[in-house]
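Asker: Please find the sequence and the predicted model below.
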Amino acid sequence: MTATMDTTTDQFLADLAQQLRVDSVRATSGAHSGHATSSMSAADLMSVLLARYFRYDFDWPDHPGNDHLIFSKGHASPLLYAMYKAAGVVTDEELMTFRTLGSRLEGHPTPRLPWVDVATGSLGQGLPIGVGVALTGRRLDKMPYRVWVLCGDSEMAEGSVWEAFEHAGYEKLGNLTVIVDVNRLGQRGPTRHEWDLDAYARRAEAFGWHTIEVDGHDIAAVDAAYAEAAGEEDRPTVILARTKKGRGVKAVEDQEGKHGKPVPDETEAIAELGGIRDLRVDVERPPAATAPRRAQGVHTRMPRYEMGEPVATRNAYGDALTAVGEVREDVVALDGEVADSTRSGVFAEKFPDRFFECYIAEQEMVATAVGMQVRGWTPYVSTFAAFLTRAHDFLRMASVSRAKLSVAGSHAGVAIGEDGPSQMALEDLAMFRSLHGSTVLYPCDAHQTGHLTAAMADLEGISYLRTSRGKMPVIYGPDEEFPVGGSKLLRASSDDVVTVVAAGVTVHEALKAADELAGEGIRVRVIDLYSVKPVDVATLREAADVTGCLLTVEDHHPEGGIGDAVFEAFGDGRPVPRLLRLAVSSMPGSATEAEQLEAAGIDASAIATAVRRQAAGHGTV
């Protein structure tokens with residue numbers, strides 16, 4: 001069938017839906033893998049959206065007025081790629097490269113395709129990110145584009161989905177429409193609520209959403225639902241569509257055990273769906289629009305502090321973030337209801353229109369930031385470092401999305417003191433180091449914090465700044481430079497017997513120990529490893545050549561932190577020096593900062609003892 005028929009009719013939309021099903025069948029059968037049935041259930045929904053409501057310039061993916069379509073049910077990627085074929089931007093030949101080496105058409109969509117905003121596939125993330133894009137349209141861009149999110153009913157069990165429902169309802173995001181493909185079946189069997197659309201509607205309505213229940217295979221009803229959603233200005237809309245998984249092919253329609261598999265007989269299925277078609281959709285382009293201008297100064301003047309002045313690095317972060325915001329109008333800040341502690345509240349007071357309170361919903365907070373950077377904003381995300389573990393999957397997927405995020409985690413390590421272990425981030429360095437393409441920074445004084453905070457605005461990928469609760473003396477001048485990937489050599493001589501490698505709070509403990517040992521005639525080299533990833537390989541190797549022994553000291557668990565970062569600097573076949581570690585190996589309790597550092601064995605006394613043992617030839621810590 002060709003595209004000679006009247007494209008304005010419901011019959012065309014029905015035929016287009018069948019084409020989307022056929023192409024989903026063909027792509028998955030050709031790949032011998034993939035989610036055919038999950039794609040087939042939503043084909044009618046996407047046919048109507050693509051042909052009548054979606055406004056997008058495929059020749060200009062960054063058009064400021066483009067709508068945004070996010071497949072939260074990313075496993076239905078064959079349907080998305082079939083839509084791109086219908087829009088004329090993916091050829092049939094490319095469609096048949098689905099899931100093959102080197103293809104842009106991956107098993108789950110990623111921004112390797114210019115029309116894909118974010119990677120999806122870890123269920124429960126597309127809607128939270130869509131909320132971020134819609135919020136950006138309303139409060140930052142002030143543009144009339146709409147955000148459309150296709151969800152599956154299985155992911156309605158995810159807590160992150162309901163964080164998103166509440167956030168969108170609270171913000172009254174009338175520019176957001178969610179289409180839930182309620183096809184009743186999950187991966188291993190029926191979903192929790194199966195076809196009980198009212199169960200979903202009651203929950204959504206409780207969060208302030210407009211709800212529409214519809215037969216997802218009735219073209220006219222779906223069209224009416226979209227028109228109704230477009231008329232809502234002050235409430236987000238969820239369209240709850242009752243569908244059948246594997247729609248149109250008897251061998252798989254509404255059948256358990258068919259998830260994530262091609263249809264059993266491709267030829268038979270295509271015939272049952274009416275054969276191969278080559279319909280084309282001339283997707284409506286958005287009206288002419290101009291992206292908002294955002295000033296980006298070339299130089300940020302950082303706050304200045306007196307040498308020796310006690311300043312918490314979290315305080316310096318708040319001051320620096322505000323200074324960056326003075327010259328960069330693209331910078332926005334998000335916090336999880338702890339802005340008074342992370343000090344991002346300083347930015348909030350200065351720039352309330354660019355500050356976003358996400359409350360205690362860390363998954364939605366990170367997702368919102370991902371949505372904002374889709375639109376070209378530069379988000380800084382702040383909360384207690386320990387609470388970022390809740391959002392790890394969102395950070396992991398943000399790296400797959402090639403997202404640009406600046407994340408600040410405060411109250412790190414045992415040094416927070418009396419609050420106890422539930423508030424102590426002792427895994428965060430490992431978590432962020434493990435993210436693809438990430439940068440991990442851990443400053444020890446106020447000026448260093450300021451420079452690194454400013455540098456994050458220009459870094460690609462996910463960058464993480466670890467800040468501390470307690471005050472620490474300023475040891476660097478305001479004009480000192482701190483390049484990412486560098487370090488600072490704070491003590492050095494030709495007689496050094498050990499190199500102590502520290503970062504953050506342990507830098508000050510290392511300096512105390514070095515001064516104490518110098519009085520005993522024991523020379524120690526001290527490196528401030530403020531850039532934990534990328535690490536300063538050259539300085540570490542030089543220190544190893546001179547001293548033959550590196551002692552790492554960190555307010556973090558021994559796994560995945562500074563000790564491992566240093567070890568990896570010698571991973572190319574180069575001889576590895578003697579490596580000793582001091583880290584938090586026991587479970588802390590509540591105590592003062594000094595007591596915590598002593599109990600963990602990472603204070604100046606513990607460092608000095610370890611060095612003495614090494615100097616005396618004991619060889620163990």
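Answerer: Arrived safely.
Asker: Quick check: mean pLDDT of the longest helix seen in the chain?
Answerer: Longest helix of the chain, by residue count under DSSP state H: helix 10-31. In this model, helix 10-31 has a mean pLDDT of 98.
Asker: can you pull the buried residues of that helix?
Answerer: 12-31 (16 or more other Cβ atoms under 10 Å). C-beta here means a position set from N, CA and C on the backbone, and glycine is covered the same way.
Asker: same deal with stretch 186-197?
Answerer: 186, 191, 193, 195-197.
Asker: burial of G571, as a residue count?
Answerer: Other residues lying near G571 total 9 when counted by other Cβ atoms under 10 Å.
Asker: still on that earlier bit, so which of the buried residues of stretch 186-197 would you say is closest to A391?
Answerer: Nearest to A391 among the buried residues of stretch 186-197 is G186, at 24.3 Å by Cβ to Cβ.
Asker: V532 sits in which helix or strand?
Answerer: If you go by DSSP states H and E, V532 is part of strand 531-533.
Asker: next one: T539
Answerer: Per DSSP H and E: helix 537-547 holds T539.
Asker: quick one: buried residues of that helix?
Answerer: Buried-residue list, helix 537-547, by 16+ other Cβ under 10 Å: 537, 539-544, 546-547.
Asker: ok so, going back, got JSON lines for the buried residues of stretch 186-197, with secondary structure, pLDDT and distance to W377 too?
Answerer: Listed next are the buried residues of stretch 186-197 as JSON lines, based on DSSP: H, G, I helix; E, B strand; the rest coil; pLDDT from 0 to 100; distance: Cβ to Cβ, whole Å:
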{"residue": "G186", "secondary structure": "coil", "pLDDT": "94", "distance to W377": "35"}
{"residue": "T191", "secondary structure": "coil", "pLDDT": "96", "distance to W377": "35"}
{"residue": "H193", "secondary structure": "coil", "pLDDT": "97", "distance to W377": "36"}
{"residue": "W195", "secondary structure": "coil", "pLDDT": "97", "distance to W377": "40"}
{"residue": "D196", "secondary structure": "coil", "pLDDT": "97", "distance to W377": "39"}
{"residue": "L197", "secondary structure": "helix", "pLDDT": "98", "distance to W377": "36"}
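Asker: any idea which of these is closest to F482?
Answerer: G186 (49.4 Å).
Asker: That closest one and H259 touch, don't they?
Answerer: Yes: under the criterion of Cβ atoms under 8 Å, G186 makes contact with H259 at 7.1 Å.
Asker: Ignoring the adjacent residues along the chain, who's closest to I527?
Answerer: Spatial nearest neighbour of I527, excluding adjacent residues (Cβ to Cβ, 6 or more residues apart in numbering): V501 at 4.8 Å.
Asker: beta partners for the one you found?
Answerer: Bridge pairing for V501 (DSSP bridges) gives the partners I527, T552.
Asker: quick one: contacts for it?
Answerer: Neighbouring residues of V501 by Cβ atoms under 8 Å, 6 or more residues apart in numbering: 527, 529, 540, 543, 550-553, 562, 566.
Asker: Can you tell me which of those is nearest F384?
Answerer: With Cβ to Cβ as the yardstick, the closest approach to F384 among the contacts of V501 comes from I562, at 20.2 Å.
Asker: In this structure that closest one contacts T552, no?
Answerer: Yes: counting by Cβ under 8 Å, I562 does reach T552; the two are 5.0 Å apart.
Asker: What about the contacts of V501, which one has the most neighbours?
Answerer: Neighbour-wise, the contacts of V501 (other Cβ under 10 Å) top out at V553, 31 neighbours.
Asker: That residue reaches V505, doesn't it?
Answerer: No: between V553 and V505 there is no contact under Cβ under 8 Å: 9.6 Å.
Asker: Pass me the low-pLDDT residue ranges in the stretch 251-400 of the chain, would you?
Answerer: 291-293, 295, 297-298 (pLDDT under 70).
Asker: For it, just list every one of the helices.
Answerer: 266-272, 313-327, 339-342, 345-350, 362-374, 392-400 (DSSP state H, counting those that start in this stretch).
Asker: Would you mind giving the ones you listed as CSV with mean neighbour count and distance to E480 added?
Answerer: Shown next, in CSV, are the helices of the stretch 251-400 of the chain (neighbours: other Cβ atoms under 10 Å; distance: least, Cβ to Cβ, whole Å):
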stretch, mean neighbour count, distance to E480
helix 266-272, 16, 65
helix 313-327, 24, 13
helix 339-342, 20, 24
helix 345-350, 19, 22
helix 362-374, 28, 30
helix 392-400, 21, 30
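Asker: Which of those sits closest to P421?
Answerer: Going by Cβ to Cβ, the one of the helices of the stretch 251-400 of the chain nearest P421 is helix 339-342, 17.5 Å.
Asker: Give me the helices and strands touching the closest one, please.
Answerer: Judged by 3 or more Cβ pairs under 8 Å, 6 or more residues apart in numbering; DSSP states H and E, helix 339-342 is in contact with helix 313-327, strand 378-384, strand 405-410.
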